[in-house]
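**Student:** how does the following fold in three dimensions:
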Amino acid sequence: QVQLVESGGGLAQAGGSLRLSCTTSGRTFNGNAVGWFRQAPGKEREFVTTISWSGRSRLYSESVKGRFTISRDNAKNTVYLEMNSLKPEDTAVYYCAARLSTLASERSSEYTYWGQGTQVTVSS
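**Tutor:** All right, here's what the predicted structure looks like:
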């Protein structure tokens, strides 16, 4: 069982930056690709970005491409989401998720483990 814990959310102004972290409690990441998803009030959960186990493959949604960067440090058992040039429409609960595969995926249905989420609020 992999329990994921997100941190780093909070309040930012438009144009500002935040960095989210995702780590595990208990078992470490071991061959797991990791993704970030978000859910805004009244909307469905949507894909944000994903990274393969090796870190060589990274995918981004069009809405965050060029502004967000996903990275991982497997030695520290942590995946990061650097969010720059934040917009009010980035306001959402952000979830990290892990797959039972080394390959990155945009599909939320392919992720087995999910964190509880961390709130990101961007003010205009």
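**Student:** and residue 11, how many residues sit next to it?
**Tutor:** Taking other Cβ atoms under 10 Å as the neighbour definition, residue 11 ends up with a count of 12. All C-beta spots, glycine's among them, are computed from the backbone N, C-alpha and C.
**Student:** now do the residue most central in space within the chain, the pLDDT please.
**Tutor:** Most central in the chain under Cα atoms, centre = their mean is residue 36, positioned 2.5 Å from the mean C-alpha point. The model reports residue 36 with a pLDDT of 98.
**Student:** contacts only, for it.
**Tutor:** Residue 36 makes contact with 20, 22, 48-50, 70, 79, 81, 94-97, according to Cβ atoms under 8 Å, 6 or more residues apart in numbering.
**Student:** same deal with residue 6?
**Tutor:** Taking Cβ under 8 Å, 6+ apart as the definition of contact, the neighbours of residue 6 are 20-22, 94-96, 115-118.
**Student:** repeat for residue 91
**Tutor:** Counting by Cβ under 8 Å, 6+ apart, residue 91 makes contact with 40, 120-122.
**Student:** which ones among those residues are found in strands?
**Tutor:** Counting by DSSP state E, the members of the contacts of residue 91 that fall within strands are 120-122.
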